[in-house]
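Student: My questions concern the predicted model and sequence given below.
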Amino acid sequence: MKKISIVFLLIIIFCLTLSAKNFFKKLEETLKEKTSKEETKEEVTEDTSQIQTIEKEEVKEEKDNKLSILKKIGVKEKDLKIISATAGVIKSKQEISLEEEKSIGGSLAIETVNRFNGPYENEIINLYVNLVGQTIAKYCDRTEITYHFLVLDSEEINAFAAPGGYIFITKGLLKIVDDESQLAGVLAHEIAHITEKHILKSLQRGKFLENLTTLGATIANKDISKYSKIMNQVNELLFEKGLDQSMEYEADKIAIDIVTRVGYRPDGLYDFLLNLKKQLGEKKSIFFSTHPSINSRIDKLNEILLNNYKNVKGEKLLKRFLSYKKLIE
Amino acid sequence: MKRIIIFFVVFINFLYAAENIKKYIKTDNVSIYEKNDAKSKVIAKLPKNTEVSIIKKEKRFVFVEVDKQTKGWVFEFNLTDKKPEEKGKKTIIDTLANDNYASREGTVRANIRGLNEISKEYAKEKKISEKAINAIIKMEQRIISDDELMQFMKEGKLGEFSEGNK
């Protein structure tokens, strides 16, 4: 028995030593992180254009160095170009930077306001929609960007999300919403398109690829003609073709998850779609041409709700919503 | 003796469990409460990306240790598993990619708030009205304060003020 105790004590001492080692290692990492954070802060205050020029030179120098190594080991000039171009294509398949996302989103946002009769000039309604939207955005899975919400002065029933955090709903849509949980469901669906980068992912496919490899340079050089070509494709995607059906279903699923985190009842979006169906039937509108069939969305949502949210309750906030709704003209 | 051994084994497991579960604060100004209830006293406000150690979970709140002095309850959806991204790490593909990558990398650090110049120029090129451009600028300038948002959530029993039953 004594022997066993000694063995256990030795194990315990060993574990404690390991634990202490980990602690000091983490402490060292934290201190390092703090120092690097302070350095980054100082750098940000410098002129950004100066930073860009220096970085461009640094990247070019680094690239030249790596290419010269490949040359030394016998890679031909022609092959180097192929390697470089291939790396460019792979790069375009990687993440689009936040700056590029904001540019595309900003342009798309202006286009949306222009197409849908401008903003609805009702400060109280816009503030309310922003409060609901910001509440949901606070608990979504992508918080590194700022979300913005605007009501459009259009009777058409529609909602849009542009990359970079721009979300729009029409006055017409607000009129067929019954309570705050339904509005939250619609806004959460649009937020999900942004958190999942649906538009950007669609752009990274097929025919958009060529333009995306040069998107960074197009923005930095303010090459309007090239940029317009990219934006024409983005506009076509959002306003005419619409996203893949699978992306719409995914946004619906995520929307339920987010509103439940926030504390709204999970079936707000489902009820909104039932309302929409009742109001418009299956007749054609832009909403239907850019979204999957309303019946299939209702069916899928119903399945998710029954399987995962059967006993989940939450706030409807009917009274609060109606106190704002009566102000909509 | 057996009891001592069991105690030590449990103690070590606890030490490791506490040390290994790390999470990060998702947004700025997140409240750390004295109790697992948003009506209790706020003992600290944490900035985004703060690392915390998870100790236990009750209802929709998690008891966390921020540092030796600060321990308290935080609403579970104010936490994320995602470690803040390390900036400036480049792969060989990044380096070998075409020169335009330099612009992409360089612009990341630029100020990303507000409409980008090229977005405005594109709108002018397409002869989109100033009204539409100004609407987006105004949309971006609308700032809702933390207090205003918390008040809205409190009134609606939302977020950390929700009773939630999932």
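Tutor: Alright, I've got the coordinates. Small disclaimer: the values here were computed from a predicted structure and weren't measured.
Student: Give me the most central residue, chain B.
Tutor: With distances taken as Cα atoms, centre = their mean, B:K26 lies nearest the centre of chain B, 1.1 Å away.
Student: Does A:L273 touch A:D299 like I think?
Tutor: No - judged on Cβ atoms under 8 Å, A:L273 makes no contact with A:D299 at a distance of 10.2 Å. Bear in mind the C-beta positions are built from the backbone N, C-alpha and C, glycine included.
Student: So between those two, which is more surrounded?
Tutor: Neighbour totals were compared for A:L273 and A:D299, and A:L273 leads with 22 against 11 (other Cβ atoms under 10 Å in any protein chain shown).
Student: what ranges of chain B fall below the confidence cut-off?
Tutor: Along chain B, the parts satisfying pLDDT under 70 run over B:1-2, B:5, B:8-20, B:84-113, B:164-166.
Student: Please enumerate the strands of it.
Tutor: B:22-25, B:30-33, B:42-46, B:51-58, B:61-65, B:71-75, B:79-80 (DSSP state E).
Student: cool, the stretch 201-329 of chain A as well?
Tutor: Using DSSP state E, counting those that start in this stretch, the stretch 201-329 of chain A contains no strands.
Student: give the contact list for the residue nearest to the centre of chain B.
Tutor: A:139, A:143, B:48, B:77-80 (Cβ atoms under 8 Å, 6 or more residues apart in numbering or on different chains).
Student: Distance-wise, check it relative to B:K120.
Tutor: Applying Cβ to Cβ, to the nearest Å, the value for B:K26 to B:K120 is 32 Å.
Student: ok, now A:I125?
Tutor: For A:I125, the distance to B:K120 equals 27 Å [Cβ to Cβ].
Student: Repeat that for A:I191.
Tutor: When A:I191 is compared with B:K120 (using Cβ to Cβ), they lie 25 Å apart.
Student: With A:N232 instead?
Tutor: From A:N232 across to B:K120, the span is 18 Å (Cβ to Cβ).
Student: More neighbours: these two, which one.
Tutor: The residue with more neighbours, out of A:N232 and B:K120, is B:K120; 19 against 11, by other Cβ under 10 Å.
Student: ok, the more buried one touching B:N134?
Tutor: No - applying Cβ under 8 Å as the test, B:K120 and B:N134 come out as separate, 10.4 Å apart.
Student: name the helices or strands packed onto the helix or strand A:A184 falls within?
Tutor: If you go by DSSP states H and E, A:A184 is part of helix A:180-195. Using 3 or more Cβ pairs under 8 Å, 6 or more residues apart in numbering or on different chains; DSSP states H and E as the contact test, the elements touching helix A:180-195 are helix A:123-138, strand A:159-162, strand A:166-170, helix A:245-262, helix A:268-280, helix A:318-325.
Student: can you do 6 Å?
Tutor: Counting contacts by 3 or more Cβ pairs under 6 Å, 6 or more residues apart in numbering or on different chains; DSSP states H and E, helix A:180-195 packs against helix A:123-138, strand A:159-162, helix A:245-262, helix A:268-280.
Student: Excluding sequence neighbours, find me the nearest residue to A:K138.
Tutor: Of all residues not flanking A:K138 in the chain, B:T27 sits nearest, at 6.1 Å (Cβ to Cβ, 6 or more residues apart in numbering or on different chains).
Student: Pull the number of nearby residues for that neighbour.
Tutor: 17.
Student: just A:E180 next, same as before
Tutor: Around A:E180 there are 27 residues (other Cβ under 10 Å).
Student: Give me the nearest residue to it, chain neighbours excluded.
Tutor: Nearest residue to A:E180, sequence neighbours excluded (Cβ to Cβ, 6+ apart): A:L317, at 3.5 Å.
Student: my guess is that neighbour contacts B:G156, does it?
Tutor: Yes - using Cβ atoms under 6 Å, A:L317 is in contact with B:G156, at 5.3 Å.
Student: if we can go back for a sec, the residue nearest to A:E180 and B:S162: what is the separation?
Tutor: From A:L317 to B:S162 the distance is 11 Å (Cβ to Cβ).
Student: likewise A:H198?
Tutor: In terms of Cβ to Cβ, A:H198 sits 28 Å off from B:S162.
Student: got it, and A:S246?
Tutor: 31 Å.
Student: higher neighbour count, those two?
Tutor: More crowded of A:S246 and B:S162, by other Cβ under 10 Å: B:S162, with 21 against 10.
Student: That one touches A:R265, doesn't it?
Tutor: No - when contacts are counted by Cβ under 6 Å, B:S162 is not listed as touching A:R265 (11.0 Å).
Student: Hmm, B:D28 and B:P47 touching each other?
Tutor: Yes - look at B:P47 against B:D28 with Cβ under 6 Å: they come within range, at 5.4 Å.
Student: Compare neighbour counts for those two and give me the winner.
Tutor: Each of B:P47 and B:D28 has its neighbours counted (other Cβ under 10 Å); B:D28 has more, 13 against 10.
Student: Identify the residues contacting the nearest residue to that one once chain neighbours are set aside.
Tutor: Excluding its sequence neighbours, the residue lying closest to B:D28 (Cβ to Cβ, 6+ apart) is B:K48, at 4.8 Å. Counting by Cβ atoms under 6 Å, 6 or more residues apart in numbering or on different chains, B:K48 touches B:25, B:27-28.
Student: which neighbours do B:K120 and B:N134 share?
Tutor: Common neighbours of B:K120 and B:N134 (criterion: Cβ under 6 Å, 6+ apart): none identified.
Student: Run a quick neighbour tally on the residue nearest to A:E155 when sequence neighbours are not counted.
Tutor: With Cβ to Cβ, 6+ apart as the criterion, A:E155 has its nearest non-adjacent residue at 4.3 Å, and that residue is A:G172. For A:G172, the neighbour count with other Cβ under 10 Å is 19.
Student: Isn't A:G172 up against A:D153?
Tutor: No - taking contacts as Cβ under 6 Å, A:G172 lies outside contact range of A:D153: 9.6 Å.
Student: check whether stretch A:267-285 contacts chain B.
Tutor: No - Stretch A:267-285 lies apart from chain B when judged by Cβ under 6 Å from any Cβ of the partner chain; the minimum separation is 12.5 Å.
Student: Give me the contacts around that stretch.
Tutor: The set of residues external to stretch A:267-285 that reach it, using Cβ under 6 Å, 6+ apart, is A:176, A:181-182, A:184-186, A:255, A:294, A:297-298, A:301, A:305.
Student: Which one of those residues sits in the busiest neighbourhood?
Tutor: Busiest of the contacts of stretch A:267-285 [other Cβ under 10 Å] is A:A184, holding 33 neighbours.
Student: low-scoring stretches of chain A, by residue?
Tutor: Using pLDDT under 70, chain A drops low at A:1-2, A:9, A:11-67, A:69-73, A:75-76, A:78-94, A:206-212, A:281-292.
Student: Give the bridge partners for B:K22, please.
Tutor: Bridge pairing for B:K22 (DSSP bridges) gives the partners B:S53.
Student: Distance of it relative to B:L46?
Tutor: To B:L46, B:K22 is 14 Å away according to Cβ to Cβ.
Student: likewise A:L215?
Tutor: Plainly put, A:L215 is 36 Å away from B:L46 if you go by Cβ to Cβ.
Student: Look at these two and report which has more neighbours.
Tutor: Set A:L215 next to B:L46 and count neighbours by other Cβ under 10 Å: A:L215 wins out with 25 against 22.
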